[in-house]
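Asks: Sequence and predicted structure below; questions after.
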Amino acid sequence: MQFKDLLSELNVRTAPSDHHHAREGWIQFDCPFCGRNSGRWHMGYREAYGYVNCWKCGKHSLPETLVALADISVAQAKRLASGIKVFGRRDLGDRSKGTLTLPSGLEKLSRRHKEYLRSRDFKPKQLIKLWKIQGIRHHPKLSWRIFIPCHFHAEIVTWTARSIRPDHPLRYMSAPAEHEGRRRNEILYGEDYIRHTIIICEGATDVWRIGPGAVATLGLSYSATQLERMAQYNSRIVCFDSSSDAQRRANKLANDLMTLPGETYNVQLDAEDPGSASKKEINQLRKAFLD
């Protein structure tokens, strides 16, 4: 059985095909956890891979989603989920699959980690829930960093780690190539939450500030594979840091994307970077392009 047929049997309404949240390969419906009967269609089912994501409250397992949607038992939900047909397709990033190795010393965020995040006006609980971050205190190379897992179709494939020490010369340290399940420059951080529009940033904290709908290249440079991934979306907004070097790269990326079908915009915020932008400025950005 296909998922859309199951939703029909359960009398769950789905988004009209011409709705701006509807996109090929996804089935959109109201999230039973944060938007029941809202008609905003924030939850999507990825037909090719068989998982669900709400672009407001994040990832949920398919059985728990069916329980919430249809008021059925967990056993019934697991049985229904196991019978859903998953299509499968070739991934754009299949070029370099490897073996993922996570760093040692991963643990829950400590008081110092949380203090650092709050000093930047982030809410640790929200970041833990949505972006699955953890803390590292003791490690030969990665001590006192925030561990940032990078997901591709709901699975961790690589990672980066942000220092909480303001004077550290290396703000970010990332997985070496031999420890990546998929190369970092072949994915877009945050893409699992994308539907029809992407705001393209440089770093993970930029994505955290903007929220679902934003992706990061995890650096100023971008690869042909990342460009190919961006081109899948009809509306692309480049939003890099305000430094002259970052803006040169932003202009180049925007020019590359403008040659492809769809709409491309290059936006520069008043803030130094999206990660430090005010709530008012982020709300204006989201209202203009995402909400």
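Replies: Sure, I can see it. Residues are numbered from 1 along each chain as shown.
Asks: Only C-alpha atoms from now on, for both contacts and neighbour counts.
Replies: OK.
Asks: Now stretch 210-223: buried residues?
Replies: Ile210, Gly211, Pro212, Gly213, Ala214, Val215, Ala216, Thr217, Leu218, Leu220, Tyr222 (16 or more other C-alpha atoms under 10 Å).
Asks: For the protein, spot the helix or strand the model is least confident about on average.
Replies: Least confident helix or strand of the chain, by mean pLDDT, DSSP states H and E, is strand 58-60 with a mean of 78.
Asks: helix or strand right after it?
Replies: For strand 58-60, the succeeding helix or strand toward the C-terminus, using DSSP states H and E, is helix 62-70.
Asks: For the protein, which segments count as strands?
Replies: According to DSSP state E, the chain carries its strands in the segments 26-29, 43-46, 51-54, 58-60, 106-107, 134-136, 145-152, 155-163, 172-174, 197-201, 214-216, 235-238, 263-266.
Asks: and the first one, what other elements does it pack with?
Replies: With contacts defined as 3 or more C-alpha pairs under 8 Å, 6 or more residues apart in numbering; DSSP states H and E, the packing partners of strand 26-29 are strand 43-46.
Asks: Quickly run through the sheet partners of the least confident helix or strand of the chain, with directions.
Replies: As defined by DSSP bridges, the strand partners of strand 58-60 come to strand 51-54 (antiparallel).
Asks: Distance from the strand it pairs with to the middle of the chain?
Replies: Centroid separation for strand 51-54 versus its chain: 11 Å, with C-alpha atoms, centre = their mean, to the nearest Å.
Asks: Name the surrounding residues that touch that strand.
Replies: Contacts with strand 51-54, where a contact means C-alpha atoms under 8 Å, 6 or more residues apart in numbering, come from 31, 42-46, 59-62, 153-154, 192-193.
Asks: Of the residues you listed, keep whichever come out buried.
Replies: Buried members of those, counted by 16+ other C-alpha under 10 Å: Cys31, His42, Met43, Gly44, Tyr45, Arg46, Lys59, Leu62, His153, Ala154, Asp192, Tyr193.
Asks: which stretches of this protein have low pLDDT?
Replies: The chain contains residues with pLDDT under 70 at 20-21, 24, 87-97.
Asks: Next, name the residue at the spatial heart of this structure.
Replies: Note on the chain: the residue nearest the mean C-alpha position is Gly190, at 1.8 Å, using C-alpha atoms, centre = their mean.
Asks: Tell me if I'm right that it and Val215 touch.
Replies: Yes. Counting by C-alpha atoms under 8 Å, Val215 is a contact partner of Gly190 at 4.8 Å.
Asks: Spell out which residues are contacts of both of these two.
Replies: Val207.
Asks: still on that earlier bit, columns distance to Thr14 on top of the strands of the chain, output as CSV?
Replies: As requested, the strands of the chain are exported to CSV (distance: least, C-alpha to C-alpha, whole Å):
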stretch, distance to Thr14
strand 26-29, 5
strand 43-46, 9
strand 51-54, 14
strand 58-60, 18
strand 106-107, 39
strand 134-136, 35
strand 145-152, 25
strand 155-163, 26
strand 172-174, 39
strand 197-201, 19
strand 214-216, 24
strand 235-238, 22
strand 263-266, 26
